[in-house]
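>>> Would you be able to build a 3D model of this:
(one chain, ligands or ions: 2)
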Amino acid sequence: MKKRIAIFGSTGSIGTQALDVIESNPDKFEVEILTAHHNDELLIQQALKFKPNAVVIVDEKKYTGVKDALASTDIKVFAGESSLEDVAAFNSYDLMLAAIVGFAGLKPTIKAIENGKPIALANKETLVVAGDVVMKLAVEKRVPVIPVDSEHSAIFQCLVGESRNPIERIILTASGGPFLGRKPNYLVNVKREHALQHPNWSMGTKITIDSATLMNKGLEMIEAKWLFNLEPEQVQVVVHPQSIIHSMVQFRDGSIKAQMGLPDMKLPIQYAMAFPQRIPNNFPRFDFNKSSQLTFEAPDTKTFRNLALATDALYKGGNLPCIMNAANELAVWAFLRNRIGFLDMTNVIEQTMERVTFIENPTLEEYFDSDGEARNYAASLIQL
Ligand code: NAD
Ligand code: MG
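Ligands and ions are numbered 1, 2, ... in the order given. Predicted coordinates:
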């Protein structure tokens, strides 16, 4: 039986790599649903090639074009944001790959969990915003949430066979991004093009900026807390510029397990889609004889203050991670449009976190409200 995959965010970096994995394993996977925000051309091309049951184009202006291009097929075409939830409620798929970027991924993922569908989770913002609600629902519905994020996939892989052994701590590795070792006097002048050059990974623009500011690692600390049911003290970050060790788990006897390999997102994507199986592939292999060194250092949270802000959000909990995420999404958006500078992003996030009302145990609705309130406040700071 082939696994029928619904790819939410199929035109993105994770989505397109997932389609490469599916193309290489036609006996194991087939595509059931594809969704895109506005890239109609790529969505059409993907639909014609992979013949899903349904596609969603969120941007309604693109609906007629997509519909016409697929008129000779029996692929169903939907448009608009609410269609994401409608197709997530379909019965006809076996696994959702949640690869939309940002807060927008939350609602369809919740719908899929309500629908009892296993989730391969790339969209870390879902857990940053509402991790308690999402994981509680997943437990209730007995739905596995399998991480795609490379660090969390590493931890997940290290935990196979260890269900009776409590975790002492996890060690998330960070590449340090393109500005590792730089100080604020340098960062103040950094421009979009410069920040988009990641040394080890090629990814979507939002996560690439998050990697440059270290917010990505902050989001990942919170993601890890919810995925692996950890206390904040159990989550540590270490900078490892070569990105060969993808993360580690330390058990209570002091033993540390690491998962390693060349940095290539196709591996964690494939692992999440095929879990619990490991399927063969021809991805390049890491060669210890050719590598020079694996190095480690503490993160510089005085320079990369986003990581300190995220640590604060991790410890305080409540709606603070949600507020931080919303402010960050807006700040990154503004930076990508050259509206604010690199260091301004941190100021926007910090001020928004100070200003928006703290709620200790928010409901899902309150998370949505906090997101809106934080976006409005951050927008006023940026003068959008
Ligand atoms: P991307 O920008 O390349 O792609 C995003 C996808 O989401 C696109 O298909 C786009 O059409 C869709 N999308 C964007 N805004 C939307 C909206 N408002 N409504 C509906 N769909 C929308 O992003 P990416 O790099 O593939 O990242 C996707 C997610 O995976 C992010 O949460 C990111 O943090 C996470 N992730 C990515 C990588 C990576 O290597 N790219 C690694 C780890 C985790
Ligand atoms: Mg990651």
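
>>> Does stretch 259-269 reach ligand 2?
No - contact of stretch 259-269 with ligand 2 is not found when judged by Cβ under 5 Å from the ion; the minimum separation is 8.7 Å. Bear in mind the C-beta positions are built from the backbone N, C-alpha and C, glycine included.

>>> what is the mean pLDDT for that stretch?
The average pLDDT within stretch 259-269 is 97.

>>> What's the end-to-end length of it?
Length of stretch 259-269, first residue to last, Cα to Cα, to the nearest Å: 15 Å.

>>> which parts of it are buried?
Buried residues in stretch 259-269, counting neighbours by 16 or more other Cβ atoms under 10 Å, are found at Gln259, Gly261, Leu262, Pro263, Asp264, Met265, Leu267, Pro268, Ile269.

>>> Pick the one among those closest to Arg278.
When the buried residues of stretch 259-269 are compared for distance to Arg278 (Cβ to Cβ), Leu267 wins out at 9.8 Å.

>>> After the strand or helix carrying that closest one, which helix or strand is next?
Leu267 belongs to helix 266-274 when elements are defined using DSSP states H and E. Where DSSP H and E defines the elements, the next helix or strand beyond helix 266-274 is helix 305-316.

>>> List the buried residues for that following helix?
Per 16+ other Cβ under 10 Å, helix 305-316 contains these buried residues: Arg305, Asn306, Leu307, Ala308, Leu309, Ala310, Thr311, Asp312, Ala313, Leu314.

>>> Tell me the helices and strands packed up against it.
In terms of contacts (3 or more Cβ pairs under 8 Å, 6 or more residues apart in numbering; DSSP states H and E), helix 305-316 is packed against helix 215-228, helix 320-336, helix 342-355.

>>> is that helix anywhere near ligand 1?
No - legend: contact between helix 305-316 and ligand 1 by Cβ under 6 Å from any ligand atom is lacking; minimum distance shown is 13.7 Å.

>>> Ok, stretch 148-155 next?
Yes - counting by Cβ under 6 Å from any ligand atom, contacts between stretch 148-155 and ligand 1 involve Asp149.

>>> contacts for that stretch?
Residues from elsewhere that reach stretch 148-155 (Cβ atoms under 8 Å, 6 or more residues apart in numbering): 14, 97, 99, 120-122, 124, 147, 170, 172-173, 220, 223-224, 227-228, 245-249, 258-259, 263, 265, 267-269, 271-272.

>>> between the buried residues of stretch 259-269, which is closest to Asp74?
Once Cβ to Cβ is applied, the member of those that ends up nearest Asp74 is Ile269, at 27.8 Å.

>>> gap between that closest one and ligand 2?
Going from Ile269 to ligand 2 by Cβ to the ion, to the nearest Å gives 12 Å.

>>> Thought Thr16 was touching that residue, still the case?
No - contact criterion Cβ atoms under 8 Å: Ile269 and Thr16 do not qualify, at 10.3 Å.

>>> Give the burial count for Asp86, as a bare number.
14 (other Cβ atoms under 10 Å).

>>> possible to save the helices and strands packed on helix 305-316 as CSV with mean pLDDT?
Shown next, in CSV, are the helices and strands packed on helix 305-316 (pLDDT from 0 to 100):
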stretch, mean pLDDT
helix 215-228, 98
helix 320-336, 98
helix 342-355, 98
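
>>> which one of these lies closest to ligand 1?
Evaluated with Cβ to the nearest ligand atom, those place helix 215-228 nearest to ligand 1, the distance being 7.1 Å.

>>> and the closest one with ligand 2, contact?
No - figure legend: helix 215-228 not in contact with ligand 2 (Cβ under 5 Å from the ion); closest approach 5.5 Å.

>>> got a list of contacts for the next helix or strand after that helix?
Remark: after helix 215-228, the chain's next helix or strand is strand 235-239, criterion DSSP H and E. With contacts defined as Cβ under 8 Å, 6+ apart, strand 235-239 is touched by 169-176, 180, 217, 221, 224-225, 296-299, 307, 314.
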